[in-house]
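In: Dropping a prediction and its sequence here:
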Amino acid sequence: MRYATINEDGTFNAFITTRKNVLWDATHFCPASALTEDERTQFRVVEVADGTLPEPHPVTEYVVTHDPALVDGVWTVQYSVAERSITDVKAMLISQANSVRNEIMDGGITLSGLPISTDKGTKAELLGATKKPNPNRKRRVGGQTVLLTAQILEAMEGAVTAHTDATDSYHCDLCEVIEAAADIAALELIDVNAGWPSTEY
């Protein structure tokens, strides 16, 4: 349960943000939840209920939280729905596209059924391994032991590089489409999760 204080004129003042002891006066030092009904009246402390959250459009709208108001005798948090500007929608979609790009970039690929990590550490390791091949290099991959010959290492590095390039290229194209959209209706048609290059090589 949340608690708040009320002004002398009966309007909302502020939320009580701590559940720890509060010094109400010289003889009352306790959490708001420990006050009796009479003490709450004395110190103008009220319980605050959550209102019903509206369901905004996932792209074009967002929820705004307002101070509590007295509804049917209960102090209740108020919400409303506001429209995003086209600039805000573009920024939101580009942020989402960035997140998807990062997940795909580091999410790994498969090369002829062989799973390969694509995080920065693995990329650096592959690059070093192709420059200094070790004919006895072995690695447990996907539950099996694989002999990483120079040929296999080159193929792995090539696939990881192709994955990086394809992902970055699509990410750039997607962001350009978002930035070029003329209105909200055009932005609503953009699915930032669709169209990314395959991770199978």
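Out: Cool, the structure landed.
In: Checking Val48 next. Helix, strand or coil?
Out: Under DSSP: H, G, I helix; E, B strand; the rest coil, Val48 falls in the strand class.
In: what about Glu157, how many residues close to it?
Out: Glu157 sits with 19 neighbouring residues when counted by other CB atoms under 10 Å. In short, each C-beta sits where N, CA and C put it, glycine included.
In: My understanding was that it contacts Glu125; is that so?
Out: No. Counting by CB atoms under 8 Å, Glu157 does not reach Glu125; the two are 9.8 Å apart.
In: which stretches of this structure form strands?
Out: Counting by DSSP state E, the chain has strands at residues 2-6, 12-15, 22-25, 28-30, 45-49, 61-71, 74-83, 109-111, 114-116, 138-141, 144-147.
In: now these as CSV including mean neighbour count?
Out: Converted to CSV, these look like this (neighbours: other CB atoms under 10 Å):
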stretch, mean neighbour count
strand 2-6, 18
strand 12-15, 14
strand 22-25, 13
strand 28-30, 13
strand 45-49, 17
strand 61-71, 14
strand 74-83, 14
strand 109-111, 18
strand 114-116, 17
strand 138-141, 11
strand 144-147, 10
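In: which stretch in the ones you listed has the least confidence?
Out: Taking the mean pLDDT of each of the strands of the chain, the lowest value is held by strand 138-141, a mean of 72.
In: From Gly195, how far off is Met152?
Out: Residue 152: Ile, not Met. Distance, Ile152 to Gly195, using CB to CB, to the nearest Å: 30 Å.
In: Can you pull the domain assignment for this protein?
Out: Following automatic domain parsing, the chain resolves into domains at 2-83, 86-188.
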